[in-house]
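Asker: Sequence plus the predicted model coming up.
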Amino acid sequence: MNGSENAAVSAVQPDGQLPTVGVEEEFFLVGADSRAVEPAGGRVVARAASALGGLVSGEFTDYQIEIRTPPCSAVAQLYDELVRLRAGVARAAAAEGLRACPSGTPVLGPAGPVSIGEDPRYRASVELFGSMMDDYVISAMHVHVHLPDRELAVLVSNHLRPWLPLLVEMSANSPFCKGRDTGYASWRSMIRCRFPCLGPPPYAESFDHYQRTAAAMTEAGAMPFADLPFWDIRLHPRLPTLEVRCMDVPVTPADSAALAAIVRGLVVTASASARRGDSGPRPCSEMLRGAYAHATRDGWTGRGRDALTGEILSAPVRGARLLDHIRPALAAHGDVEVVAAFLGRLARRGSGAHRQRAAARLPGGLVAVVDDLTALSPASQAEEPSPTDSAPASPGRRMLNGTPSGPVSA
């Protein structure tokens, strides 16, 4: 066993178990005929909850629905949960004449004022930020990794900060918004970047430093809740997890599961470094925000700063270096093939943004985009070929690490 393998194994929890991982995903509800988002979240959540219970809820706008998996030890288990939950949402939406659409921004609509959900936190955000919230209609994937030690979690967050732009590039799936091409691969991320309390978290020397920074931003009117910061990495106040929030919702559950494996691999690797006394790199905040802006625009076709060396490299090269960096942690979970297969899919067909733009070139334009995103519904129980995929999986088979293993949903 080499030094890096020892480092990965040292990142186990106190009970000797490797950390569990869970995922939240948000979807837009679109009309089966109009393909535009519709404010039906309350109705669809009520239907879905009858089968899924507390694993489904509303979101910031009434155009959305959210699923959350239970904590999972294996990525294959996580994938199966995502398939099950997406299927339940698809059935509930279909019963209301709707489809669930996995896109970071609404491809079509809404035309009028945004319909905000009932949660008091959402209302407080609107009161604080005013018209900045008028087009805050975005859907994300959040990954939770079990990390109950708050002091350790802060240092792990420091280590993860330089990797956030690459995660944005890998997950970019929001080139269109309300009927137009934004010119960005992840318009959702660009919407978030304009807020003072969203985007990469500040470097923190300790949990106390982390809390004091959040409190100071809240006192300055830049953040609505000190105990629930909106940063792209945060220590969840109610759960013993570190939450990474920078990614667009992916098109398929296979991509979601692979991204969750990457995040857990980064957390495990960073935990080992922090336990050895390394508090994490301290890149300039302005440089990090600049890297975000570049990532949101160019996505997987762009060049950016390598998280380890600072070199300017293409996204695929940085993706390969990421795999090497977290390989021991991935191997400890049996996740190397899952992540390698995901990087292979990115190399063949690009990110979700590439998929959407390819669909937009088909007859129907943006209607075809919505149809493609929703064609992979669990109701169909078949994985249709992507417009950009020259070697699709066999119909009716799901792909996690490149091997067919049963019915698919997306």
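Answerer: Done, it's in. Residues are numbered from 1 along each chain as shown.
Asker: count of neighbours near the closest residue to A307 other than its chain neighbours?
Answerer: Distances taken as Cβ to Cβ, 6 or more residues apart in numbering place P162 nearest to A307, at 3.8 Å, with adjacent residues excluded. (C-beta placed from N, C-alpha, C; glycine too.) Burial of P162, expressed as a neighbour count using other Cβ atoms under 10 Å, amounts to 21.
Asker: Wait, A293 touches M190, no?
Answerer: Yes. At 7.3 Å, A293 and M190 qualify as touching, with contact defined as Cβ atoms under 8 Å.
Asker: All the helices of the protein, residue numbers only.
Answerer: Secondary structure of the chain, counting by DSSP state H: helices at 3-9, 41-52, 75-95, 120-129, 150-160, 164-171, 187-193, 207-219, 253-275, 285-298, 315-333, 336-349, 352-360, 366-375.
Asker: so of those, which one's packed in deepest?
Answerer: Compared across the helices of the chain, helix 164-171 shows the largest average neighbour count, a mean of 27 (mean count of other Cβ atoms under 10 Å).
Asker: who touches it?
Answerer: Under the contact criterion Cβ atoms under 8 Å, 6 or more residues apart in numbering, helix 164-171 has outside partners 141, 185-186, 189, 200, 232-233, 244, 246-248, 250, 255, 259, 262-263, 288, 291-292, 294-296, 298-300, 302, 304-305, 307, 315, 318-319, 322, 342, 346, 351-352.
Asker: what comes up buried for the longest strand seen in the chain?
Answerer: Among all segments of the chain classified by DSSP state E, the strand with the greatest residue count is strand 21-31. Buried residues in strand 21-31, counting neighbours by 16 or more other Cβ atoms under 10 Å, are found at 21-31.
Asker: give the contact list for G364.
Answerer: With Cβ under 8 Å, 6+ apart as the criterion, the residues that contact G364 are D371.
Asker: State the distance from it to L98.
Answerer: Using Cβ to Cβ, to the nearest Å, we find G364 at a distance of 19 Å from L98.
Asker: Over to A329?
Answerer: Counting by Cβ to Cβ, the gap from A329 to L98 is 39 Å.
Asker: returning to what we had before: so which pair among the buried residues of strand 21-31 is furthest apart in space?
Answerer: The two members of these with the most space between them (Cβ to Cβ) are V21 and G31, at 33.9 Å.
Asker: if I read this right, the residue nearest to A307 contacts P281, doesn't it?
Answerer: Yes. Counting by Cβ under 8 Å, P281 is a contact partner of P162 at 5.9 Å.
Asker: got any residues that touch both of those two?
Answerer: With Cβ under 8 Å, 6+ apart as the test, P162 and P281 both reach A307.
Asker: what's the closest residue to L373 other than its chain neighbours in contact with, if anything?
Answerer: Residue nearest to L373 in three dimensions, not counting chain neighbours: C101, with 5.2 Å by Cβ to Cβ, 6+ apart. By Cβ under 8 Å, 6+ apart, the residues touching C101 are 27-30, 37, 107, 370, 373-374.
Asker: Show me what C101 is bridged to.
Answerer: F28 (DSSP bridges).
Asker: Which of the contacts of C101 sits closest to R276?
Answerer: Nearest to R276 among the contacts of C101 is F27, at 40.4 Å by Cβ to Cβ.
Asker: pLDDT score for that closest one?
Answerer: Turning to F27, the model gives it a pLDDT of 98.
Asker: How about P196?
Answerer: With respect to pLDDT, P196 scores 83.
Asker: Backbone dihedrals for it, please?
Answerer: As for P196, its main-chain torsions (degrees, to the nearest 10) stand at phi -70, psi -20.
Asker: burial of it, as a residue count?
Answerer: Neighbours of P196 under the rule other Cβ under 10 Å: 13.
Asker: ok, the closest residue to it other than its chain neighbours to P229 distance?
Answerer: By the measure of Cβ to Cβ, 6+ apart, the closest residue to P196 outside its immediate chain neighbours is A222, 4.0 Å from it. When distances are taken as Cβ to Cβ, A222 and P229 turn out to be 10 Å apart.
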